[in-house]
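Student: Next comes the sequence, and after it the predicted model I'd like to discuss.
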Amino acid sequence: MTVSLETIATLAQKRGFVYQASEIYGGLRSAWDYGPLGVELLRNVREAWWQAMVSTRDDIVGLDSSVILAPQVWVASGHLASFTDPLVECTSCNNRFRLDKLTDSEVCPNCGKRGTFTEPKQFNLMLKTFLGPVEDAGAVAYLRPETAQGIFVNFANVVRTARMKPPFGIAQIGKAFRNEITPGQFVFRTREFEQGELEFFCPPAEAPKWHEYWLQERLRWYVDLGMKPGNLRLRAHEADELSHYSAATSDVEYQFPWGWDELEGIANRTDFDLRSHAEHSGVDLRYFDQDLGERYFPYVIEPSAGITRSAFAFLIDAYDEEEVRGEKRVVLRLHPRLAPIKVAVLPLSKKDELMAVSGEVAATLRAHWPVEHDITQSIGRRYRRQDEIGTPFAVTVDFDTLQDRAVTIRERDTMEQIRVPIAGLVETLQEKFAGKL
Ligand code: ATP
């Protein structure tokens, strides 16, 4: 099922996944806030990434570095000179565009005029700020446009303190900032976003092998979390597309409502960063291999994923509509690990006796999973809400419950219902979730 951008953006905002940033002041086009469900989804995506990349491996360690780094970092990394996009302005309507993203480089997508663009100028995407009370050139600093450089500048610290030996990786999740010329497509491209990046250091000769390995691993990660393989592909960059540091890059692309677009870039960054930081800082960042008795700059394979962007893609991929008894049912078929709420508890009515039991049931389940005890509106509407937010199971407490101490479990995907005693509810749900959380 292909969902339109408008449909998914409407659902996300209506149900509280995403709000427009600073909405009461008219919003900020380039920024979005994550509501009660969105924040859970993001946490789950982050956690799934960390699990796959750090917790379950003995060759990768984590890091949490600063958002603001020494300005020299961006000189050495090449970002100050080369982290640019080609900017053109339409002289008729004064809108600005990224030249490389235009479908027709001659025609303004806003006013439709031809031949009105200025000459392209290279626009640096780093967000500038000042540190300290004096706003002069010496106080200029940048918000990181990628988390990667925080890893490179800590390479020697990690080797020394965590006693890591190539091939090994350092992983980090965190915010990155880019002064995008044209943010848009809802949360797909924003000026503030979150990345999950791994820098995997290996002997230079092994780089092609590890590059291939990480392409497959990363593709699998999305599929394991329920994304349809047909909506995913790997695309190798052409030589003229490669970043200044890259010997080879392939993107994991997803079939978004507007077509194939990037979810994650997986680059062979060679020894560009370590070598450059060593030159600029004067600190020897070569790894000393005791077995070989030699020092060398490891090569780096970098899978760089968007946490916010992949959360969005998971939402799109999970969206489904079907007809049930003549009515449209909208359901988010999110993988249980990603679902913000794992179990909903719904009393059939607001009668005190029912609410007392459903409150108890909710409290019991909450010790195991994120639970929503939903007592508003009609039961039909509440099922609809839980389907639309992707809750895998709904537990209904009805009048029979008062007699038989049993409840009904309804499965999101099949809508199958089974009746189970409250005493065995946790075990039954544990069985149903087995291996999926
Ligand atoms: P593009 O060419 O589309 O601007 P890029 O190739 O420069 O993107 P990378 O530097 O490879 O992007 O960034 C790695 C990942 O970080 C991307 O695959 C994406 O998931 C995420 N990302 C990059 N820029 C943004 C953004 N502005 N908003 C949200 N996520 C982003």
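Tutor: That came through, no problem.
Student: For the rest of this, base every contact and every neighbour count on C-alpha atoms.
Tutor: OK.
Student: Which positions in the stretch 151-300 of the chain make contact with the ligand?
Tutor: 188, 189, 190, 191, 193, 195, 262, 263, 264, 265 (C-alpha under 6 Å from any ligand atom).
Student: Sort out for me which of those are in strands.
Tutor: In this view, those that belong to strands under DSSP state E are 193, 195, 262, 263, 264, 265.
Student: Return the member of those residues nearest to the ligand.
Tutor: The ligand lies nearest to residue 264 out of those, by C-alpha to the nearest ligand atom, at 3.4 Å.
Student: pretty sure that closest one contacts residue 253?
Tutor: Yes: using C-alpha atoms under 8 Å, residue 264 is in contact with residue 253, at 7.0 Å.
Student: the more surrounded of those two?
Tutor: residue 264 (25 against 19; other C-alpha atoms under 10 Å).
Student: which residues pair with the residue nearest to that one when sequence neighbours are not counted across the strands?
Tutor: What sits nearest to residue 264 in space, not counting adjacent residues and going by C-alpha to C-alpha, 6 or more residues apart in numbering, is residue 305, at 4.3 Å. Going by DSSP bridges, residue 305 is paired in beta bridges with residue 196, residue 264.
Student: Would you agree residue 305 is in contact with residue 195?
Tutor: Yes: with contact taken as C-alpha under 8 Å, residue 305 and residue 195 are classed as touching, separated by 5.6 Å.
Student: Overlap in contacts, those two.
Tutor: Common contact partners of residue 305 and residue 195 (C-alpha atoms under 8 Å, 6 or more residues apart in numbering): none.
Student: same for the lengthiest helix in the chain, what does it pack against?
Tutor: Criterion DSSP state H: the longest helix present in the chain is helix 207-224. Judged by 3 or more C-alpha pairs under 8 Å, 6 or more residues apart in numbering; DSSP states H and E, the packing partners of helix 207-224 are strand 232-236, strand 248-256, strand 259-270, strand 299-306.
Student: How far away from the center of its chain is it?
Tutor: Helix 207-224 has its average C-alpha position 17 Å from the chain's average C-alpha position, going by C-alpha atoms, centre = their mean, to the nearest Å.
Student: begin at 6 from here
Tutor: Done: numbering now begins at 6, and the last item shifts to helix 212-229.
Student: Please produce CSV containing the ones in strands among the residues of the stretch 156-305 of the chain next to the ligand, extended by pLDDT.
Tutor: Shown next, in CSV, are those (pLDDT from 0 to 100):
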residue, pLDDT
198, 98
200, 98
267, 98
268, 98
269, 98
270, 98
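Student: What is the nearest of those residues to residue 80?
Tutor: residue 200 (21.6 Å; C-alpha to C-alpha).
Student: what's the burial count for the closest one?
Tutor: Using other C-alpha under 10 Å, residue 200 has 24 neighbouring residues.
Student: How about the contacts made by it?
Tutor: Going by C-alpha under 8 Å, 6+ apart, the list of residues near residue 200 reads 151, 152, 178, 179, 180, 181, 309, 310, 311, 312, 313.
Student: how about a cut-off of 6 Å?
Tutor: 178, 179, 310, 311, 312 (C-alpha atoms under 6 Å, 6 or more residues apart in numbering).
Student: So for the closest residue to the ligand within the stretch 6-155 of the chain, what's the nearest residue that isn't a sequence neighbour?
Tutor: The nearest approach of the stretch 6-155 of the chain to the ligand comes at residue 151, 7.0 Å away (C-alpha to the nearest ligand atom). In space, and not counting its chain neighbours, residue 151 is closest to residue 181: 5.3 Å by C-alpha to C-alpha, 6+ apart.
Student: what's the answer for residue 193, then?
Tutor: residue 314 (5.4 Å).
Student: tell me what the helix or strand that neighbour falls within is packed against?
Tutor: Counting by DSSP states H and E, the element that carries residue 314 is helix 312-323. If contacts are counted by 3 or more C-alpha pairs under 6 Å, 6 or more residues apart in numbering; DSSP states H and E, helix 312-323 sits against strand 197-207.
Student: hmm, try it at 8 Å
Tutor: helix 41-55, strand 197-207, strand 253-261, strand 332-337.
Student: most packed of these?
Tutor: strand 197-207 (a mean of 24; mean count of other C-alpha atoms under 10 Å).
Student: between it and helix 41-55, how big is the angle?
Tutor: 10 degrees (axes from the mean of the first three to the mean of the last three C-alpha atoms, to 10 degrees).
Student: just how off-centre is strand 197-207 within its chain?
Tutor: From the chain centre to the centre of strand 197-207 is a distance of 11 Å (C-alpha atoms, centre = their mean).
Student: could you check the angle strand 264-275 makes with it?
Tutor: Going by the same axes, to 10 degrees, strand 197-207 makes 40 degrees with strand 264-275.
Student: between strand 197-207 and helix 312-323, how many degrees?
Tutor: 100 degrees.
Student: Dump the C-alpha coordinates for strand 197-207 into PDB.
Tutor: C-alpha atoms of strand 197-207 as PDB (Å, rounded to 0.1, in the frame of the first residue of the first chain):
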ATOM      1  CA  GLU A 197      17.900  19.800  13.500                       C
ATOM      2  CA  PHE A 198      17.800  16.100  13.400                       C
ATOM      3  CA  GLU A 199      19.200  13.000  15.000                       C
ATOM      4  CA  GLN A 200      21.800  10.600  13.600                       C
ATOM      5  CA  GLY A 201      23.100   7.200  14.600                       C
ATOM      6  CA  GLU A 202      26.600   6.900  13.300                       C
ATOM      7  CA  LEU A 203      29.200   4.100  13.500                       C
ATOM      8  CA  GLU A 204      32.900   4.700  12.600                       C
ATOM      9  CA  PHE A 205      34.400   1.300  12.000                       C
ATOM     10  CA  PHE A 206      38.200   1.300  12.000                       C
ATOM     11  CA  CYS A 207      40.000  -1.400  10.100                       C
END
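Student: Quick one: name the residues of the stretch 306-442 of the chain near the ligand.
Tutor: Residues of the stretch 306-442 of the chain lying near the ligand (C-alpha under 6 Å from any ligand atom): 309, 310, 311, 314.
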